[in-house]
Every structure is written in structure tokens, then in C-alpha cells.
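Peer 1: A predicted structure for the sequence below; I have some questions about it.
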Amino acid sequence: MVFDVVTRSSTCVFETDDFVIEAPNWTPDGAWLVFNCDGLLYRTPPEEDGQPRVIFTGAVTDANNDHVVSADGRYLYLSSQDGHLYEVPLGGGEARRVTRPDDGLEARYLHGISPDGTTLAHIGCRRRDGVQAFDIFTADVRDGSTRRLTDSDRPHDGAEYSPDGAWLYFNSERASDRAGHSQLFRMRTDGSGVEQLTSDDRVNWFPHPAPDGSRLVYLSYPPGVLGHPADEPVVLRVAEPDGRNAWDAVELIGGQGSLNVNSWAPDGRRFAYVEYPTAPAAG
């Protein structure tokens with residue numbers, strides 16, 4: 001699905017009952033939507049009745065739904081179920097592992113790439129006093145060296161760069177006394193200057209800045225939801241870059257897979273998402 005923030009209407013560009021698709025990206029030239037399906041990445045034109053084509057990723061055939069496209073459109077970066085981040089040409093090719101096995105992390109979940117293409121923003125999972133902790137890290141695309149930007153016993157997720165490279169947007173439970181009550185934040189790319197952008201009863205995930213920096217779109221769950229599960233009644237909300245003046249763009253059944261990664265079109269007017277209509281219960 002593609003939503004136009006000017007006309008406030010959605011268009012279906014691809015529909016299937018045969019398999020589950022997740023997490024669309026828009027390529028910088030506007031020619032393709034990239035999405036995940038069963039561990040493989042595909043691309044399809046962003047028009048009605050487009051036909052997906054698989055993107056060859058070499059030995060990496062277990063990608064999850066965390067992937068980004070470089071600003072120059074040359075490379076895809078993806079998270080694998082082995083916990084590492086990989087680089088692959090957008091047109092397909094052998095995958096190159098970016099992250100190091102000796103960086104002290106059990107797993108890494110990719111969400112952002114810097115505008116200059118040199119740094120990946122990801123969520124790193126490590127042990128903290130025997131308990132899994134999820135903090136924001138960056139990784140150098142060239143040598144895999146990492147830097148930790150947060151250090152908290154409250155989980156963080158969805159770290160993504162603003163188009164000018166000045167901010168990292170993310171969601172976290174760091175300001176809540178309720179388990180699962182995730183809200184939106186941003187901070188400077190060195191980890192300083194944290195600002196809270198939302199403060200409401202809903203559970204807010206995955207803030208995605210538009211390419212022109214004019215707005216955000218994010219995934220909003222009903223109060224009390226834990227994590228970012230699938231098949232929930234969710235809302236896709238659009239707001240100003242500082243979180244103000246949010247409005248409901250789309251109400252749908254979805255969640256996990258609907259809007260995990262940045263899916264804005266290059267013009268900043270449209271974004272892609274996935275909805276998962278469910279059949280009525282029998283009886």
C-alpha cells in the first residue's frame with residue numbers, strides 16, 4: 001500500500017494471499033519498493049499490478065525485516081538471522097558482512113544509514129547483569145567498528161538518521177514506568193541531547209523522517225500492547241519532525257512488518273506500508 005499525505009488516500013500496489021510480505025523501502029530514485037518475504041528480499045515497481053523480482057543476496061537467505069537502502073541507491077544493508085549486518089548491491093550480488101563477531105553483541109537489528117553512507121545505526125543486543133539489553137549502536141560500513149550511544153536497562157529500537165544527519169530518531173521505554181510503554185525520541189548522533197517527542201497512552205514505534213525533513217510517520221499501537229506484535233489494530237500517524245501536530249493517516253490491521261523501516265518516497269509526499277487483513281472468525 002502507498003499513502004499520499006496530500007490527498008490523504010491509499011493505493012494498493014501489490015496484493016497476495018500466497019505469502020507474507022514485510023517492511024517496504026523506497027529506493028532513492030523512486031523506481032522500486034524493496035520488501036522482505038521469508039528471508040529473501042524482493043523489489044517491485046510502486047505502481048498497481050507490479051511484479052516482484054527477487055534480489056540475489058548470495059549466501060544470506062535468512063534476512064529479517066530490518067533493511068535500508070543507501071542514499072546513492074547502490075547498496076542494500078540488511079540484518080540476518082545470524083545476528084550480523086550485511087551489504088549487498090541493490091541489483092543483487094554476494095553479501096559482505098559489515099559487523100564484527102568480536103564486538104560483544106549477541107545480535108544486531110538494522111534501522112538506519114547515515115546520509116553520507118558511511119555509518120549504520122542499529123540496535124545491539126548484549127547481556128547486562130545477566131539480562132538482555134537493547135541499546136543503540138553505530139557501525140562503520142567499511143571496517144565494522146561499533147560505538148554504543150545509549151546505556152540503559154530500558155529497551156531502545158528503530159534508530160534512524162534524519163535526512164540532514166543531525167539527529168537519530170528512535171523509540172524507547174526509557175521514560176516510562178510501565179512495561180512496554182514505548183514512546184518516540186530523538187538525540188544527536190553522538191548520543192547527546194535526547195528529546196522526547198511523544199508522551200501519550202498509546203505505544204509508539206518506528207519513527208521515520210521524510211527525505212525532505214518536513215514530517216515523520218510512525219506506528220502506533222493501542223495502550224497496553226507489549227513489543228511490536230503482528231495482527232493488531234494499529235494506526236500510522238504523521239507528525240512534524242519534533243512530534244507535534246500528529247494526525248492519523250491510516251487505521252489498519254498490522255504492526256510487525258507494516259512499517260519497520262523507512263518507506264518514504266523520495267518526494268516526501270508518499271510512504272509505503274503493509275496491511276494484513278484478517279478473515280472474519282467462523283461462527
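Peer 2: Thanks, I have it.
Peer 1: Below-threshold pLDDT in the protein: ranges please.
Peer 2: For the chain, the stretches flagged by pLDDT under 70 are 279-283.
Peer 1: again, 90 this time
Peer 2: 16-19, 47-51, 127-132, 152-153, 177, 179, 277-283 (pLDDT under 90).
Peer 1: how many other residues sit next to residue 40?
Peer 2: Look at residue 40: counted by other CB atoms under 10 Å, it has 16 neighbours. For every residue, glycine as well, the C-beta is placed using N, CA and C.
Peer 1: Tell me the bridge partners for the closest residue to it other than its chain neighbours.
Peer 2: Distances taken as CB to CB, 6 or more residues apart in numbering put residue 54 closest to residue 40, at 5.7 Å, once the chain neighbours are dropped. Using DSSP bridges, the beta-bridge partners of residue 54 come out as residue 42.
Peer 1: Pull the contacting residues for residue 54.
Peer 2: 40-42 (CB atoms under 8 Å, 6 or more residues apart in numbering).
Peer 1: Switch the residues you listed over to CSV; also include distance to residue 162.
Peer 2: Listed next are the contacts of residue 54 as CSV, based on distance: CB to CB, whole Å:
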residue, distance to residue 162
40, 30
41, 25
42, 28
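Peer 1: Which one of the residues you listed is nearest to residue 92?
Peer 2: residue 41 (9.1 Å; CB to CB).
Peer 1: Surely the closest one and residue 63 touch.
Peer 2: Yes. Between residue 41 and residue 63 there is a contact under CB atoms under 8 Å: 5.9 Å.
Peer 1: Spit out the contact partners of the residue nearest to residue 198 when sequence neighbours are not counted.
Peer 2: Spatial nearest neighbour of residue 198, excluding adjacent residues (CB to CB, 6+ apart): residue 184 at 4.4 Å. Residues counted as contacts of residue 184 (CB under 8 Å, 6+ apart) are 169-171, 196-198, 204, 207, 216, 218, 243.
Peer 1: which of those are buried?
Peer 2: For the contacts of residue 184, a burial check counting by 16 or more other CB atoms under 10 Å picks out 169-171, 197-198, 204, 207, 216, 218, 243.
Peer 1: from those residues, which ones fall inside strands?
Peer 2: Taking DSSP state E as the definition of strands, the buried ones among the contacts of residue 184 contribute 169-171, 204, 207, 216, 218.
Peer 1: Tell me what residue 232 is bridged to.
Peer 2: residue 254.
Peer 1: isn't residue 37 right next to residue 22, touching?
Peer 2: Yes. If you go by CB under 8 Å, residue 37 and residue 22 touch, sitting 7.1 Å apart.
Peer 1: How many residues are close by residue 140?
Peer 2: Residue 140 - counted by other CB under 10 Å - has 15 other residues nearby.
Peer 1: wait, what's in contact with the closest residue in space to it that isn't next to it in sequence?
Peer 2: In space, and not counting its chain neighbours, residue 140 is closest to residue 119: 6.2 Å by CB to CB, 6+ apart. By CB under 8 Å, 6+ apart, the contact set of residue 119 is 113, 138-141.
Peer 1: From these, pick the one nearest residue 231.
Peer 2: Nearest to residue 231 among the contacts of residue 119, with distances taken as CB to CB, is residue 113, at 29.2 Å.
Peer 1: Around the closest residue to the closest one other than its chain neighbours, how many other residues sit close by?
Peer 2: The spatially closest residue to residue 113, leaving aside those adjacent along the chain, is residue 68, at 4.7 Å (CB to CB, 6+ apart). Other residues near residue 68 come to 24 when the count uses other CB under 10 Å.
Peer 1: Residue 68: which element?
Peer 2: strand 63-69 (DSSP states H and E).
Peer 1: Cool, thanks, signing off.
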